[in-house]
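Engineer: for reference, the sequence and a predicted model appear below.
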Amino acid sequence: MNKQDQLSMIKDDFMNCQKVLLAIGDETRQSILLVLMGTDCQTGLRVGEITEQTHLSRPAVSHHLKILRDAGVILMRKEGTKNFYYIDIRTKLGLLKNLVLDIETLLTEYY
């Protein structure tokens, strides 16, 4: 693959990652992600549990969880009337890995 093709692929990677980058770029959402990473991925946490661990208000946590869900960074599992939020390796976070690998490939080949 030539350099122009690689740059075009990286441009596409950036476009695909825009929502994810915006979602994880916020410090408050980063703290929520760290809390979720510290729990069992299969179980997840409820809004109240995240609120306790982040010391944010319940509405703030819900707002940030919505942004993270809309970006495909976290997933939600329903259990009756309860919602559990968690990170899964199959979320859109994988797009970031592709972006970094494509940049690394270009830089090691041409620089």
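Structural biologist: Alright, I've got the coordinates. Numbers count the residues shown, from 1 in each chain.

Engineer: low pLDDT regions in this structure?
Structural biologist: 40-42 (pLDDT under 70).

Engineer: scan it for its longest helix.
Structural biologist: Criterion DSSP state H: the longest helix present in the chain is helix 3-24.

Engineer: check whether the residue nearest to the spatial centre of the chain sits in a helix, strand or coil.
Structural biologist: Among the residues of the chain, the one closest to the centroid is V73, at 3.1 Å (CA atoms, centre = their mean). Counting by DSSP: H, G, I helix; E, B strand; the rest coil, the backbone at V73 sits in coil.

Engineer: ok, which stretches of the protein are helices?
Structural biologist: 3-24, 27-37, 47-54, 58-70, 93-110.

Engineer: among these, which is nearest G80?
Structural biologist: helix 47-54 (14.9 Å; CB to CB). To be clear about C-beta, it is placed using only N, CA and C from the backbone, and glycine gets the same treatment.

Engineer: packing partners for the closest one?
Structural biologist: helix 27-37, helix 58-70, strand 82-86 (3 or more CB pairs under 8 Å, 6 or more residues apart in numbering; DSSP states H and E).

Engineer: repeat the analysis, applying 7 Å as the threshold.
Structural biologist: Applying 3 or more CB pairs under 7 Å, 6 or more residues apart in numbering; DSSP states H and E, one finds that helix 47-54 makes contact with helix 27-37, helix 58-70.

Engineer: okay, the angle between that helix and helix 58-70?
Structural biologist: Interaxial angle, helix 47-54 versus helix 58-70 (axes from the mean of the first three to the mean of the last three CA atoms, to 10 degrees): 100 degrees.

Engineer: identify the residues contacting stretch 71-81?
Structural biologist: For stretch 71-81, the external contacting residues (CB atoms under 7 Å, 6 or more residues apart in numbering) are 19-20, 23-24, 36, 44, 65, 68-69, 83-88, 91-93.

Engineer: ditto for stretch 89-106
Structural biologist: 6, 9-10, 13-14, 16-17, 20, 71-75.

Engineer: tell me which of those is nearest to Y110?
Structural biologist: Q6 (8.3 Å).

Engineer: number of nearby residues for the residue nearest to the closest one when sequence neighbours are not counted?
Structural biologist: Excluding its sequence neighbours, the residue lying closest to Q6 (CB to CB, 6 or more residues apart in numbering) is L106, at 4.7 Å. L106 has 17 neighbours, counted by other CB atoms under 10 Å.
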